[in-house]
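In: sequence first, predicted coordinates after that:
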Amino acid sequence: MSDLRRQLEEAARSHRPDRARMLARIERARDLSAAGAEPRGARARRARPGWPRVALAAVAAVAVCAIGGTAVTSLVQQDPAAPQEVSTGALPKTSAPTPPLTGDSRPPPLPGQSRTTDGPLWADGSVAPDDNVHWAQSNVTLKTQETLTALTVELFVARTERLRSTGRWETRPTADFDLSVHERDGMLVYRWSLKSGRTVPAGTHVFAGQYDHASGGRDAGADVYRATATAASGTYEVHGDFARTT
């Protein structure tokens, strides 16, 4: 009995159903049934075989159903020429909406009302000379004569046609600052806020915002910046604007 089972299992594993032949036989049986005829050889199959043949036929049938049943059902029930319906369902969201960032609640300084020095601080705003007709970089240069224990630098780029942030950089270590880029009141705002426990040494430091804009250059006359800082001698603020293009 164990040899028979092994042979049956090997026969089931090696079986590869002929899809086209099975479909043809099923269709032929349908046609004969519809015509009231009995398939040829049906009478011969009525004879009762011995039990080994019955067992073999049963196992083979199970193997065929397990291996090719799904394919046969698909062939019988689906007409390749008929239109197929595919249920796609709703796509999963890749990420949750990011809430808008909020910066300093104070309004930006007004162009033309600059204060570029205050105590140990000095600042200047300029558009980098390597800008082009599609892209620009605005620099806020900050000089301090004392070590700063707190510092916030804000660059306000006025909204113009096709304005879009492309990045920012700073000469101080990025890990020392909380960074954000957001829109507020018609301005693209770049903000650097010194983290608690970090310091900025005496010297010259640059904070830059980069952006695309409409072709043909851009007027930076409405752009402004502001820097507030704390040193051992007190708290200070400088602010200013950028030169207009000619």
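Out: Perfect, thanks for sending it.

In: name the nearest residue to Thr228, ignoring sequence neighbours.
Out: With sequence-adjacent residues excluded and distances taken as CB to CB, 6 or more residues apart in numbering, Thr228 is closest to Glu237, at 4.6 Å. Every residue, glycine included, has its C-beta placed from N, CA and C.

In: no, scratch that, I was asking about Thr204
Out: Here the nearest residue to Thr204 in space, its sequence neighbours aside, is Lys143; by CB to CB, 6+ apart that works out to 4.9 Å.

In: just checking, what packs against whichever strand or helix holds that neighbour?
Out: With the criterion set as DSSP states H and E, the secondary-structure element containing Lys143 is strand 135-144. The criterion is 3 or more CB pairs under 8 Å, 6 or more residues apart in numbering; DSSP states H and E, and the helices and strands that strand 135-144 contacts are strand 121-127, strand 148-158, strand 203-212, strand 224-231.

In: these into CSV, with extra columns for mean pLDDT?
Out: What follows is these, written out as CSV (pLDDT from 0 to 100):
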stretch, mean pLDDT
strand 121-127, 97
strand 148-158, 98
strand 203-212, 97
strand 224-231, 98
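
In: I'd like these as a markdown table, with distance to Ala243 and mean neighbour count appended.
Out: Supplementary listing: those in a markdown table, determined by distance: least, CB to CB, whole Å; neighbours: other CB atoms under 10 Å:
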| stretch | distance to Ala243 | mean neighbour count |
| --- | --- | --- |
| strand 121-127 | 7 | 19 |
| strand 148-158 | 14 | 22 |
| strand 203-212 | 16 | 18 |
| strand 224-231 | 12 | 23 |
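
In: any idea what Ala123 is bridged to?
Out: Residues found in beta-bridge contact with Ala123 (criterion: DSSP bridges) are Leu142.

In: the chain - how does it break down into domains?
Out: The chain breaks down into these domains under automatic domain parsing: 2-77, 117-241.

In: and the first one, average pLDDT?
Out: Put plainly, it is domain 2-77. This predicted structure assigns domain 2-77 an average pLDDT of 51.

In: begin at 408 from here
Out: Sure, I'll start numbering at 408, so the last one becomes domain 409-484.

In: contact partners for Phe649?
Out: Residues counted as contacts of Phe649 (CB atoms under 8 Å, 6 or more residues apart in numbering) are 532-534, 545, 627-628, 630-632.

In: hmm, I was thinking of Arg522
Out: By CB under 8 Å, 6+ apart, the contact set of Arg522 is 644-647.

In: hey, where'd the strands end up in the chain?
Out: In chain order, the chain shows strands spanning 524-525, 528-534, 542-551, 555-565, 571-577, 584-591, 594-601, 610-619, 631-638, 641-648, with DSSP state E as the criterion.

In: now those in JSON lines, with distance to Pro514?
Out: Conversion of these to JSON lines gives the following (distance: least, CB to CB, whole Å):
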{"stretch": "strand 524-525", "distance to Pro514": "19"}
{"stretch": "strand 528-534", "distance to Pro514": "17"}
{"stretch": "strand 542-551", "distance to Pro514": "18"}
{"stretch": "strand 555-565", "distance to Pro514": "9"}
{"stretch": "strand 571-577", "distance to Pro514": "20"}
{"stretch": "strand 584-591", "distance to Pro514": "9"}
{"stretch": "strand 594-601", "distance to Pro514": "10"}
{"stretch": "strand 610-619", "distance to Pro514": "18"}
{"stretch": "strand 631-638", "distance to Pro514": "10"}
{"stretch": "strand 641-648", "distance to Pro514": "11"}
